[in-house]
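Chemist: turn this into a structure:
(chains A and B)
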Amino acid sequence: MNTIAESQTVQGKESAKMRSPEKGTLIAAHQREFTRTIGEISSPNPRIMCRDVNVYYGEKHAIQNVSLDVGHNEVIALIGPSGCGKSTFLRCLNRMNDTIVGCRVTGSIRLDGQDIYDGGLDVVPLRAQVGMVFQKPNPFPKSIYENVAYGPKIHGLANSKAELEEIVESSLRRAGLWDEVKDDLAKPGTSLSGGQQQRLCIARTIAVSPEVILMDEPCSALDPIATAKIEQLIDELRELYTIAIVTHSMQQAARVSQRTAYFHLGRLIEVGDTAQVFTNPRHPLTEDYITGRFG
Amino acid sequence: MNQVTEGHSIRRYDGELRELHYKVLEMGTLVLTQVKEAVRSLKTGDVSLAAEIIEEDDQVDDLEVEADTEVVALFARRCPKGSDLRLVMALSKAITDLERVGDEAVKIASCVERLYAVPADYPAEVPRNQVLVLADLVVKRFESALRIVDSWEAEQAQQFIASQREVSERFQQTLGGLMDNGGSDAGGANRAVNLVLVLKALERIACHAENLAEYVIYQAMGLVIRHHAV
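Modeler: You can find the predicted model right below:
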């Protein structure tokens, strides 16, 4: 005799068996993977390719054999405890470390296939291609207009005053600042609030048509509302640029990035999709850091 | 208690996770008592005991609300990540399963009230004992599942899940036995239906116990294995 209860039970289990692997198989596969990988360093569509990057400050080996791709239209978050090398690595991407006496970089960093450490490469256009936004907003002691216009002027990106004005307006618009400052363009950039100053710095970076924007803790000096505006801006800018952001806020990393890379004592410990890193990190060091067990 | 809740730089966070874990275990213990009492009421035909079980279900519901409130507070205050996030999610889902086990215990108690309403319609010993044999197995399994949630031992959880197939087979056998022993008169139909409903409730409890073991595996490994065959 067959009852409704019986047939539901049998059919439920049988159909589950037919469409899915057994639970034991899944667990065994997971355990094999668990011991093998700390994530995928490469990107299917890389804009920046770093291989075996080492950075030395004199005798100190600050970055050790880091290999990592950053894809087109991707936001990658670099996280890790203070002194782990995440900012040092970020600064390698537009050769900002060149300005530090005793700093030596080895390995390969390519931007769209071009080795940025090629001896013949001019770093000035490189730093326009790979712009940077710092922790503390640092507008020039000039007008809002001049802050944005300065880069296009020195890089010769505008052929006329009208073209320059167009660049300034479009940059301020993309930075989400135009409506707030359009009537005060002659005012000093330093007269703006902290959040507005940071968006002005982003507008300044955008004005020279970069391909990549590096952000080193861009919201650490901002209140939650100004932070939200910058995070919204990052999300919008991703459509046009590749963005690498160093942040101490794991919530921010989780909110703004598609991939997250965890650094520890100069090594890249784990990289993966942001959701995976924050829900199921593979490396115990990542786990300890993101759960607040880092001692 | 396993160390899954321990070791945060903010020690109060350890305490909050531990408290939620305790709350779930407290709820589990209460529900286990409910299930045991429901089975005892079937064994003894104690209708007043069955009524008590139905009445006391509010305690489980209250604990569910309290535990859910703690889960929400943890999300709001701590934004758990990694294994902590999986722990809170696992405990949150366990809360729902435990509340439903409580509901199944109430269903069994309601069946007991119907089975023993009229002396002439009391269930015959043979089919009732068939159900009671399965009930003892289910109680033991639910108890084991609670121990696994207490210790967070993923290996034990795996073994537990591996043995679920045997429970399903025993359920099928018992169901077949009940059908063979069902009565053809009106009272017989009442008895058969109620015993099948008890059996179904027991099967659901076994499934919820399996869910608890699956949550332990999810917490330990980040692996979702529900909806896959045993």
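
Chemist: tell me the helices and strands packed up against the strand or helix carrying B:Gln159.
Modeler: Secondary structure from DSSP states H and E places B:Gln159 in helix B:154-162. Secondary-structure packing of helix B:154-162 (3 or more C-beta pairs under 8 Å, 6 or more residues apart in numbering or on different chains; DSSP states H and E): helix A:23-34, helix B:125-151, helix B:186-221. Placement of C-beta: from N, CA and C, glycine included.

Chemist: which of the residues in the strand or helix carrying B:Leu91 are buried?
Modeler: Under the criterion of DSSP H and E, B:Leu91 resides in helix B:82-115. Neighbour counts over helix B:82-115 (16 or more other C-beta atoms under 10 Å in any protein chain shown) mark B:82-95, B:97-115 as buried.

Chemist: check stretch B:145-161 too.
Modeler: Applying 16+ other C-beta under 10 Å to stretch B:145-161 flags B:145-146, B:148-150, B:152-154, B:156-158, B:160-161 as buried.

Chemist: for chain A, tell me which of the buried residues of helix B:82-115 show up nearby.
Modeler: B:82-86 (C-beta under 8 Å from any C-beta of the partner chain).

Chemist: quick one: those residues as a markdown table, columns for pLDDT too.
Modeler: Listed next are those as a markdown table, based on pLDDT from 0 to 100:
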| residue | pLDDT |
| --- | --- |
| B:Gly82 | 95 |
| B:Ser83 | 94 |
| B:Asp84 | 96 |
| B:Leu85 | 97 |
| B:Arg86 | 96 |
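
Chemist: hmm, A:Thr227 is touching A:Ala221, no?
Modeler: No - when contacts are counted by C-beta atoms under 8 Å, A:Thr227 is not listed as touching A:Ala221 (9.6 Å).

Chemist: so which residues on chain B come close to chain A?
Modeler: Neighbours of chain A within chain B, by C-beta under 8 Å from any C-beta: B:7-10, B:13, B:79-86, B:158, B:161-162, B:168, B:171-172, B:175-176, B:179-180, B:196, B:199-200, B:203, B:217, B:221-223, B:225, B:227-230.

Chemist: ok, back up a step: TSV for the buried residues of stretch B:145-161, including distance to A:Asn45 and pLDDT?
Modeler: Output for the buried residues of stretch B:145-161, formatted as TSV (distance: C-beta to C-beta, whole Å; pLDDT from 0 to 100):
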residue	distance to A:Asn45	pLDDT
B:Ala145	46	97
B:Leu146	49	98
B:Ile148	44	97
B:Val149	44	96
B:Asp150	48	96
B:Trp152	40	93
B:Glu153	43	92
B:Ala154	37	92
B:Gln156	44	94
B:Ala157	40	95
B:Gln158	39	93
B:Phe160	44	95
B:Ile161	40	94
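
Chemist: quick check, nearest of those to B:Ala124?
Modeler: Relative to B:Ala124, the closest of the buried residues of stretch B:145-161 is B:Ala145; by C-beta to C-beta it sits at 31.6 Å.

Chemist: spatially nearest residue to the closest one (excluding sequence neighbours)?
Modeler: Nearest residue to B:Ala145 in three dimensions, chain neighbours excluded: B:Ala209, at 3.8 Å (C-beta to C-beta, 6 or more residues apart in numbering or on different chains).

Chemist: show the contacting residues for the one you found.
Modeler: B:101, B:138, B:141-142, B:144-145, B:160 (C-beta atoms under 8 Å, 6 or more residues apart in numbering or on different chains).

Chemist: picking that back up, among the helices and strands packed on helix B:154-162, which gets the worst mean confidence?
Modeler: Per-stretch mean pLDDT for the helices and strands packed on helix B:154-162 is lowest at helix A:23-34 (a mean of 58).

Chemist: what about A:His248, which SS state?
Modeler: coil (DSSP: H, G, I helix; E, B strand; the rest coil).

Chemist: before we move on, what about B:His8?
Modeler: With three-state DSSP as the basis, B:His8 sits in coil.

Chemist: same question for the one 4 residues further on.
Modeler: Taking three-state DSSP as the rule, one finds B:Arg12 in the helix state.

Chemist: quick revisit: sort out which of the residues of chain B next to chain A are buried, if you could.
Modeler: If we count by 16+ other C-beta under 10 Å, these have these buried: B:8, B:13, B:80-86, B:158, B:161, B:168, B:171, B:175, B:196, B:199-200, B:203, B:217, B:221-223, B:225, B:228-230.

Chemist: if I look at B:Leu197, how far off is B:Glu125?
Modeler: Distance from B:Leu197 to B:Glu125, counting by C-beta to C-beta, to the nearest Å: 19 Å.

Chemist: over to B:Asp62?
Modeler: Here B:Asp62 is placed at a distance of 38 Å from B:Glu125 (C-beta to C-beta).

Chemist: now A:Ala207: how far from A:Ile245?
Modeler: 20 Å.

Chemist: show me the contacts for the closest residue to chain A within chain B.
Modeler: Of all residues in chain B, B:Gly222 sits closest to chain A, at 3.2 Å by C-beta to the nearest C-beta. By C-beta under 8 Å, 6+ apart, the contact list for B:Gly222 reads A:279-280, B:86.
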